[in-house]
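Colleague: Just a sequence and a predicted model for now, questions to come.
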Amino acid sequence: MKNGSMKSFLISCIFWLMPGLAAGILSAAFLCVHEYHTTARLVGALQEGEQFPAVLKSLDESKREEKTRGVFGNDDGKEKGFEEKGMQYLEKYGHREFRKIWEYLPFTFSITLILFEAAGCMLFWMRKKEKDYNEGRIVELTEYLKSVDRGEAAVLTRHEDSFSHLEDEIYKTVAELTCTKEKAVKDHELLAARIADIAHQLKTPLTSMSLMTELLEPAKREEQEYLDRLKHQVERLKSLVEGLLALAKLDSHTIEFQREVISLEDLIWGAVEPIWEQLDRRSITLEMEETEELWIKADIQWTTEAFLNVLKNCMEHTPDEGKIKITCSQNPLYTEFVIEDGGNGFSRKDLPHLFERFYRGAQAAKDSAGIGLALAKLILEAQNGQIMAENSESGHARFRIKIYAS
């Protein structure tokens, strides 16, 4: 028996002990009174000179009459007189109604305690059996829901009991949710496939446009400004297509992240390299706090992509000759990156929507498509990470990235 059941059993025994003791005292009192009055009648009759057999016969008749009328004592004057004289005689020698109650108590206590404790044990066993059955049914239904959540095919065994209605409702709800989930997954896969198709279709003409701009460049020196604009738009479209393809892959859950131990320094400089030329051209300083060599476990390619998108956002909002500051710290639970730009910070209305797809805030760059931060959030969360945006004490925009230890 478990500790909880043993405790309940002891409480039940103590509970039934009280009425058992009370019943024992009442039983002992009843026996004392009955014996006293019977003895008083017998003594009174003997004092009047009645023969002993006649007295016993009279007492037996009196008892039968008591049973039929439901009262104690006999209204017959003769018997009443015997009892009064006998009581006087007994009192003369110190006999009282409850004088022998202590002699009866051990016997009555034993009987009543056994009876009451037996009744209590039976009730406890019946309730425990019912409780165990109910707990078993709850565990059965819980395991069924867990197996459904894991995507395993499970059969719900039908029982006719107090859980039948709940069982029916759970089965109906699970069946409905399964159908809804299957439909949502199909719609999701279809949407991801459509986005991927569109992105692939855009990629071909973009490649041709890029090639044509390279061919036109040496022949049309006087049209350099238009060529630069065209190249800029081509690069912008290529970046958008690559972002849409990445989103489609993440949405369809077709990416298998290859998590490996990588250095934080390699991760940061790998993300900075594609935008280093732009940072240098605008004289933006990248300040990274020197720390001891730290390591994390992540997919180097996709994690670098996430950090690149965050750094791009910071670069777009940092003025020329500004500064982007990166600090890193590590504890047993997670590794944290804090990236702070040199801009004017986020507006209050933009903060709740920064990581929504295609959302462009009030201070968004002209060419921004609004998918970079959404993509970074998806990549980090898929690797047990987290990203948050806030304003620093100095009023600059700041991103906090946490990658939890696995």
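Modeller: Great, that's in hand. Everything numeric here is computed off the predicted structure, so don't read it as measured data.
Colleague: use CA for all of it now, contacts and neighbours both
Modeller: Fine.
Colleague: can you give me the strands for the stretch 301-406 of the chain?
Modeller: Listed in chain order, the strands of the stretch 301-406 of the chain (DSSP state E, counting those that start in this stretch) span residues 323-330, 334-340, 385-391, 397-404.
Colleague: So what touches the last one?
Modeller: Residues external to strand 397-404 that are found in contact with it (CA atoms under 8 Å, 6 or more residues apart in numbering): 296, 310, 314, 333-346, 380, 383-392.
Colleague: Pairing partners for it, with directions?
Modeller: The pairing partners recorded for strand 397-404 under DSSP bridges are strand 334-340 (antiparallel), strand 385-391 (antiparallel).
Colleague: State the mean pLDDT of stretch 381-397.
Modeller: Averaging pLDDT along stretch 381-397 yields 90.
Colleague: Setting aside sequence neighbours, what's the nearest residue to residue 307?
Modeller: What sits nearest to residue 307 in space, not counting adjacent residues and going by CA to CA, 6 or more residues apart in numbering, is residue 271, at 5.8 Å.
Colleague: Quick check: the gap between the one you found and residue 114.
Modeller: Going from residue 271 to residue 114 by CA to CA, to the nearest Å gives 82 Å.
Colleague: tell me the contacts of residue 176?
Modeller: With contact set as CA under 8 Å, 6+ apart, residue 176 has no partners.
Colleague: Show the model's pLDDT score for it.
Modeller: You'll see residue 176 listed with a pLDDT of 79.
Colleague: how close does it sit to residue 170?
Modeller: Residue 176 is 10 Å from residue 170, by CA to CA.
Colleague: same check, this time on residue 214
Modeller: Applying CA to CA, the value for residue 214 to residue 170 is 64 Å.
Colleague: the bottom helix or strand of the chain by mean pLDDT?
Modeller: Ranked by mean pLDDT, DSSP states H and E, the helix or strand of the chain with the weakest confidence is helix 52-69, at a mean of 51.
Colleague: Please report the number of neighbouring residues for residue 276.
Modeller: Applying other CA atoms under 10 Å, we find 13 residues neighbouring residue 276.
Colleague: Give me the three-state assignment for it.
Modeller: helix (DSSP: H, G, I helix; E, B strand; the rest coil).
Colleague: Could I get the pLDDT score of it?
Modeller: With respect to pLDDT, residue 276 scores 91.
Colleague: Could you do residue 367 as well?
Modeller: In this prediction residue 367 is given a pLDDT of 59.
Colleague: Same question for residue 163.
Modeller: If you check residue 163, the pLDDT there is 72.
Colleague: Just give the closest residue to it, not the sequence neighbours.
Modeller: residue 137 (7.7 Å).
Colleague: Which helix or strand contains the one you found?
Modeller: Using DSSP states H and E, residue 137 sits within helix 101-149.
Colleague: Show me what that helix is packed up against.
Modeller: Judged by 3 or more CA pairs under 8 Å, 6 or more residues apart in numbering; DSSP states H and E, helix 101-149 is in contact with helix 3-47.
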